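1. sequence and predicted structure below; questions after.
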Amino acid sequence: MKILIISDIHANLTAFQTVVDAAGEFDRVWCLGDVVGYGPQPNECVEQLRALKPLCLAGNHDWAVIEKIDLGEFNPDARQATLWTREQLTPHNLDWLHLLPERVPTELEKFTLVHGSPRYPIWEYVLGPAIARINFDYFDTPFCLMGHTHVPVVYRLKADEDLAIPEPLPETTSFQFGPERMMVNPGSVGQPRDGDPRAAYAILDTDTLTITHKRIEYNIGATQALMRDADLPARLINRLSAGW
């Protein structure tokens, strides 16, 4: 079985559609949260994702839109975009966001899925080996897939040294899971932050237990034009071009 792994779409339909088209044939979609927030097409992204019948988690921006998170936790640009998104979303799509879980069982017992971290699934950023090491104690499966940081990375647990070792997630080359426990972030579809503005996603092959990380160029200018039309913050518009 081939599973499309995506995270942090952030209402960027152009990036999302480009990823779906580039992914080719797949059997399932696992989405690690933040379907909305920042970007200009929240309804379209929710509806496109729903059509794929995904296994989908809640992210912090999804929760902020449905008022499960205090907007005081957000910076001014994120707060403005969230308030705009609330006004755009249809009741049907808001109801769907309300149903998204913090954790969700998968059909594969080897994997835990979270948005932020196993310890705090909605909000915590796993930004380095110290935080990663702590979080290995908060899930029981061999492997964890997470989003939220918008940066593709692998952390391997070196149990004999009590360390989590970070590694880049190689592009296009299949990466073998195991034998160590691992945490893997596929990066962001709609707002990469690793200096590479291309949309990021991954394909999990359950037969070989490998994951292939991929990047794809999309029409960033088209998304930026829609953001300008919506009067979304200039910083959110400009960052798409630089991938930060």
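-> Done, it's in.
2. show me which residues of the helix or strand hosting His92 are buried.
-> Element membership of His92 [criterion: DSSP states H and E] is helix 91-98. Neighbour counts using 16 or more other C-beta atoms under 10 Å place 93-94, 96-97 of helix 91-98 among the buried residues. Every C-beta, even on glycine, is put in place using the N, C-alpha and C of the backbone.
3. repeat that for stretch 174-186.
-> Buried residues in stretch 174-186 (16+ other C-beta under 10 Å): 175, 177, 181-186.
4. how close does the residue of the chain most remote from its centre sit to Glu180?
-> Taking C-alpha atoms, centre = their mean, the residue of the chain most remote from its mean C-alpha position is Asp160, at 30.7 Å. Here the distance between Asp160 and Glu180 works out to 10 Å (C-beta to C-beta, to the nearest Å).
5. same deal with Phe139?
-> 14 Å.
6. from the chain's centroid, how far away is the longest helix that the chain contains?
-> If you go by DSSP state H, the chain has its longest helix at helix 76-88. Relative to its chain's centre, helix 76-88 lies at 19 Å (C-alpha atoms, centre = their mean, to the nearest Å).
7. contacts for it, please.
-> With contact meaning C-beta atoms under 8 Å, 6 or more residues apart in numbering, helix 76-88 is reached by 11, 36-39, 42-43, 61, 64-65, 71, 74, 230-233, 235-236.
8. now the buried members of the residues you listed.
-> Here, 16+ other C-beta under 10 Å leaves 11, 36-39, 42-43, 61, 64-65, 74, 230, 232-233, 236 buried among the contacts of helix 76-88.
9. need the max-distance pair from these.
-> Using C-beta to C-beta, the two most remote members of these are Asn43 and Phe74, lying 20.9 Å apart.
10. so in terms of bridging, what pairs with Tyr201?
-> Lys214 (DSSP bridges).
11. what strands line up against the worst-scoring helix or strand of the chain on mean pLDDT, and which way round?
-> Ranking every helix and strand in the chain by mean pLDDT, DSSP states H and E puts strand 175-176 at the bottom, with a mean of 92. Strand 175-176 sits in its sheet next to strand 210-216 (antiparallel), going by DSSP bridges.
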